[in-house]
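> Model the following, please.
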Amino acid sequence: MKHADGVRWKADSGFTLLELVIAVTILPLIILIIGNGFRLGMNAWEKGEQETVWTQRFRVLSGLLSQQIKSAYPYMMEVEDEKVAVFEGTSDSVMFVTALTDSDFGGFKWVRYSHKEGTLFLKEGLLPDKELDDSIKGDEEVVDTDIKEIKFAYLSLEDNEWKDSWDYGKKLPGAVRVKISYFEPFLITIPMGMAAGEEDKEGEIL
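Just a heads-up that it's a prediction; the model follows:
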């Protein structure tokens, strides 16, 4: 074919074989790159959603534990012929007495939190209770599940040391440190931890 000026030019006859091969080779790579980018975006979004859910759960759990442990009261009971404050803890459980009861009942109640196999359990009952040791045993209420770790530690004000456990004694710990999963530990100060006196009545401060 010639232009009016007599110069020949080749008519457009479509893609060459080489161009088709290059296109067929590049297209899957483009699809792969787009797919990986989409998958990474979805993973980041899901991780962000999970992080948000976990943060909300942490706030609820830490708020619940802080409110109750902060109100721990040195309620005195006779255990093995000795007057002791009802507070006992291990690295994965804590039991104490609080004055935070339902308004219909008032008075005191004992509360026990325990972490077993990824689940946080709660058991509680009203005081006075002559069969406290038996009452603590039995069915527990599930507070939350899929919690990898909950660890408690107890501050002894006498020697200013953190302990992994706390036995019945004359005083409560000055504070409880709680570690939930991968979050930073938080401290719960017990205002009644220093309480001491010379009363012998059940439910009174020593």
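
> What strand or helix carries the closest residue to residue 163 other than its chain neighbours?
The shortest distance from residue 163 to any non-neighbouring residue, by Cβ to Cβ, 6 or more residues apart in numbering, is to residue 154 (4.9 Å). From N, CA and C alone the C-beta is placed, and that goes for glycine too. Using DSSP states H and E, residue 154 sits in strand 150-156.

> just residue 20 next, same as before
With DSSP H and E as the criterion, residue 20 is inside helix 17-70.

> Could you identify the helix or strand that succeeds that helix?
strand 76-79.

> Residue 153 versus residue 163, what's the distance?
Distance, residue 163 to residue 153, by Cβ to Cβ, to the nearest Å: 7 Å.

> So if I had to pick from these two, which one is more boxed in?
residue 153 (20 against 15; other Cβ atoms under 10 Å).

> ok so, going back, just give the number of residues close to the residue nearest to residue 163.
The tally of other residues near residue 154 (other Cβ under 10 Å) stands at 25.

> Centre-most residue in the chain?
Taking Cα atoms, centre = their mean, the centroid of the chain lies closest to residue 180, which sits 4.0 Å from it.

> Bridge partners for it, pull those for me.
residue 150 (DSSP bridges).

> Let me see the contact set for it.
Neighbour list for residue 180: 58, 61-62, 147, 149-150 [criterion: Cβ atoms under 8 Å, 6 or more residues apart in numbering].

> if we can go back for a sec, return the set of buried residues in the strand holding residue 154.
Using 16 or more other Cβ atoms under 10 Å as the test for burial, strand 150-156 gives 150, 152-156.

> which neighbours does the next helix or strand after that strand have in its sheet, and in what orientation?
Remark: after strand 150-156, the chain's next helix or strand is strand 161-163, criterion DSSP H and E. The strands beside strand 161-163 in its sheet (DSSP bridges) come out as strand 150-156 (antiparallel).

> so the partner strand versus helix 17-70, what angle?
Calculated by axes from the mean of the first three to the mean of the last three Cα atoms, to 10 degrees, strand 150-156 forms an angle of 40 degrees with helix 17-70.

> Alright, that wraps it up for me.
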